[in-house]
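**Q** Return atomic coordinates for the entry below.
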Amino acid sequence: MMNAIKKILIGFFLIIGLPITSLALFQIIDSNTAQDDREGAIAALFILGLPPTGIATYLILDLKHNQRNNVDKNKIDKEQIFLQILAENEGEITVLKFALQAQLPVEKAKEYLDNKAQELDGNFSVNDQAGIVYKFYI
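**A** Numbers count the residues shown, from 1 in each chain. Predicted coordinates for the structure are as follows:
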C-alpha cells in the first residue's frame, strides 16, 4: 500500500517538476531571452521546478532501497526456515515441507533446495511417500 502511494507521488511530482524545469532551462539557455525573463526563469527553476523533481528523486531512491531490503529480508527468512527444518528433522528436508513452511511455490522451493544441495554438498534421494528428500550433514 505504501509503495503504491509512493509511486503515485513520484508520478505527481515528476509531472509537475520536469516540465517546469525543462522550460526554465530552455529560457535560461536561450540567447534571445530578455534579462528579466531569464531571471524569472531562474526563480521558477529553483522555486517550482527543482523541489518537486528533487522530492520525486528522493522517493525513487527510497523505493529502491526498500525493495532491496525486502529482498534481503526474504533471503534471510528462507534461510532461517531452511535451517529450522534441518534442525528439527536431523538434516533432512523435503521440497513439499519447505514449500509449505516458506510459503513458496513448489518449483521455487525445489530450485532453492537444489542450490543449497550444491552449495552445502547435500545429497538427495527419491522416496515414494515424500518425493525428493534432501539430506544435509549438520
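**Q** And the residue nearest the centre of this structure?
**A** residue 67 (2.5 Å; Cα atoms, centre = their mean).
**Q** Check the spacing between that residue and residue 111 real quick.
**A** 21 Å (Cβ to Cβ, to the nearest Å). In this view, the C-beta of every residue, glycine as well, is placed from N, C-alpha and C.
**Q** and what of residue 123?
**A** Counting by Cβ to Cβ, the gap from residue 123 to residue 111 is 17 Å.
**Q** can you check residue 122 too?
**A** 14 Å.
**Q** So which of these two has more stuff around it?
**A** residue 122 (18 against 13; other Cβ atoms under 10 Å).
**Q** And the more buried one, what's its pLDDT?
**A** Residue 122 is assigned a predicted lDDT (pLDDT) of 85.
**Q** Just to check, it is in contact with residue 135?
**A** Yes. Between residue 122 and residue 135 there is a contact under Cβ atoms under 8 Å: 6.1 Å.
**Q** quick revisit: need the phi and psi values for the residue nearest to the centre of the chain.
**A** Dihedral angles of residue 67 (phi, psi; degrees, to the nearest 10) stand at phi -60, psi -40.
**Q** what ranges do the helices span in the protein?
**A** For the chain, the helices defined by DSSP state H occupy 2-29, 35-44, 50-88, 95-102, 106-119.
**Q** Take those helices and lay them out in a markdown table including mean pLDDT and distance to residue 129.
**A** Supplementary listing: the helices of the chain in a markdown table, determined by pLDDT from 0 to 100; distance: least, Cβ to Cβ, whole Å:
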| stretch | mean pLDDT | distance to residue 129 |
| --- | --- | --- |
| helix 2-29 | 94 | 42 |
| helix 35-44 | 94 | 73 |
| helix 50-88 | 89 | 17 |
| helix 95-102 | 89 | 11 |
| helix 106-119 | 89 | 16 |
